[in-house]
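A.B. asks: structure, please.
(2 chains)
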Amino acid sequence: MSLQPISLYPIFAERVRSNIPVALVTVIDGPHIGATMLVSPSTDAVGTLGDSELDRVVARDALGEVEAGRTGVRHYGPQGQTTPEDLVDTPTVRVFIEAFSPPPTMWIFGAVDFTAALAKVAKVLGYYVVVCDAREVFATRRRFPMADEVLVSWPAPLFSQRGSALTSRDAVCILTHDPKFDVPAVQGALATNVGYIGVMGSRKTHAKRLERLAEVGITSADQLARLMSPIGLDIGARTPEETAISIVGEIIARRTGRGAPSLRDSDGLIHK
Amino acid sequence: MRELLNDIERWQQAGKQIAVARVVDIEGSGPRDPGAAMAVNEDGEVVGSVSGGCVEGAVVAEALEILRGDNQPRLVKFGYSDDEAFAVGLTCGGIIHLFIAPLTW
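C.D. replies: Numbers count the residues shown, from 1 in each chain, chains lettered A, B, ... in the order given. So this is what the prediction gives:
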């Protein structure tokens, strides 16, 4: 097939490695099976599916998919027709649109032993991990070699500079145990669209924290309901590593809307 | 496919022919979501996975058939069924649709 005069793979690999959102679009059924196109925001699509009108329509759809981080199959007519009437009596082109979006982010506040374990587990799950603590002696690369960034900072500046980038896929975990640091971190996180906010501490600490949050004006039930505190699933975790598993387990369960019982004790589909 | 890039490039530099298999659709319960991928080179070396290990062997066979045969992409499905057509089953009871193609783009 001579549809692809230029090699797309190097462009694709470069974008994926640079965390530039990209959709890898492939005809999986139809006249030009195997034809491939790359679609990224704010740049022209590269490659062709064999018809310029089909390219235009699919590129538009792929852009939406890559922005939403969704992967799946779509059906078109040979010239990109999408309405059911247009598709009657025409062969269907099936197109697989695979979205490669930047990895989700986890910000961990507090440079403690639990942080190292959580950062490690978060990396296994593919998170871009940022560790943040105001204490220079604790927030070091040497202690957190697995983190993508280790920042010596108070929470407020980090949230004001980068908080707007947090989305429902991202997580903020506050492990400091220190109200001086916890309160501004919670305040900062609540002002973002981050999907998960977990705060470590005993039930007593949590009750005290709520008082401190009230002092800075955070009293709305809707806001407070976003806090997972005490942090983590009730699996009896003791060590930093076990606690890390309970935290990421909770993040997964919140995302999928599950109550996190054992599969043995429920029924229905394992994968939905 | 993100996790396959390094191996793919190592094979490319060694001048190997490569096929990539990707999960494109799942019916019912499936172990891996669309986008799960594995790559196979002409020597039968494999990286990545497309299921919980149930169909990988069959996928390698398909990929090698493509690389050693007509070099044409194909859509294949594997699932649990009474149908004799399904040579390989998924233990979880679903059907996965895979697109297997030589890496020529």
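
A.B. asks: in the lengthiest helix in chain B, what counts as buried?
C.D. replies: If you go by DSSP state H, chain B has its longest helix at helix B:56-68. Across helix B:56-68, burial judged by 16 or more other Cβ atoms under 10 Å in any protein chain shown covers B:56, B:58-60, B:62-64, B:66-67. C-beta coordinates here come from the backbone N, C-alpha and C atoms, glycine included.

A.B. asks: for chain B, where's the lowest mean pLDDT among helices and strands?
C.D. replies: The least trusted helix or strand in chain B, going by mean pLDDT, DSSP states H and E, turns out to be strand B:74-79, with a mean of 89.

A.B. asks: which other helices and strands contact that one?
C.D. replies: Under the contact definition 3 or more Cβ pairs under 8 Å, 6 or more residues apart in numbering or on different chains; DSSP states H and E, strand B:74-79 sits against helix B:56-68, strand B:95-102.

A.B. asks: turn those into JSON lines, columns for mean pLDDT and distance to residue A:173.
C.D. replies: What follows is the helices and strands packed on strand B:74-79, written out as JSON lines (pLDDT from 0 to 100; distance: least, Cβ to Cβ, whole Å):
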{"stretch": "helix B:56-68", "mean pLDDT": "93", "distance to residue A:173": "35"}
{"stretch": "strand B:95-102", "mean pLDDT": "94", "distance to residue A:173": "34"}
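
A.B. asks: beta partners for the spatially most central residue of chain B?
C.D. replies: Nearest to the mean C-alpha position of chain B, by Cα atoms, centre = their mean, lies residue B:21 at 3.2 Å. On the basis of DSSP bridges, residue B:21 is bridged to residue B:38, residue B:100.

A.B. asks: next up, the contacts around it.
C.D. replies: B:37-40, B:50, B:59, B:62-63, B:98-100 (Cβ atoms under 8 Å, 6 or more residues apart in numbering or on different chains).

A.B. asks: quick one: pLDDT of it?
C.D. replies: Residue B:21 carries a pLDDT value of 97.

A.B. asks: any idea how far it lies from residue A:34?
C.D. replies: Distance, residue B:21 to residue A:34, using Cβ to Cβ, to the nearest Å: 13 Å.

A.B. asks: likewise for residue A:232?
C.D. replies: 46 Å.

A.B. asks: in PyMOL, select just the buried ones from the contacts of residue B:21.
C.D. replies: Entered in PyMOL, the line below selects the buried ones among the contacts of residue B:21, by 16+ other Cβ under 10 Å:
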select buried, chain B and resi 37+38+39+40+50+59+62+63+98+99+100
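
A.B. asks: residue B:29: which of the contacts of residue B:21 is nearest?
C.D. replies: residue B:50 (14.9 Å; Cβ to Cβ).

A.B. asks: surely the closest one is in contact with residue B:23?
C.D. replies: Yes - using Cβ atoms under 8 Å, residue B:50 is in contact with residue B:23, at 5.1 Å.

A.B. asks: need the residues touching each of those two.
C.D. replies: Here residue B:50 and residue B:23 have B:32, B:36-37, B:96, B:98 as joint contacts, going by Cβ under 8 Å, 6+ apart.

A.B. asks: what's the most distant pair in the residues you listed?
C.D. replies: Largest separation among the shared contacts of residue B:50 and residue B:23 by Cβ to Cβ: B:37 and B:96, giving 12.3 Å.

A.B. asks: what touches both of these two?
C.D. replies: With Cβ under 8 Å, 6+ apart as the test, residue B:37 and residue B:96 both reach B:23, B:50.

A.B. asks: ok so, going back, which helices and strands does the longest helix of chain B pack with?
C.D. replies: Other helices and strands packing on helix B:56-68, by 3+ Cβ pairs under 8 Å, 6+ apart, are strand B:18-27, strand B:37-41, strand B:74-79, strand B:95-102.

A.B. asks: so which of the ones you listed gets nearest residue A:166?
C.D. replies: strand B:37-41 (28.3 Å).

A.B. asks: any idea how far that closest one is from the chain center?
C.D. replies: For strand B:37-41, the separation from the chain centroid amounts to 6 Å (computed by Cα atoms, centre = their mean, to the nearest Å).

A.B. asks: got the angle for that strand vs strand B:95-102?
C.D. replies: For strand B:37-41 against strand B:95-102, the angle by axes from the mean of the first three to the mean of the last three Cα atoms, to 10 degrees is 40 degrees.
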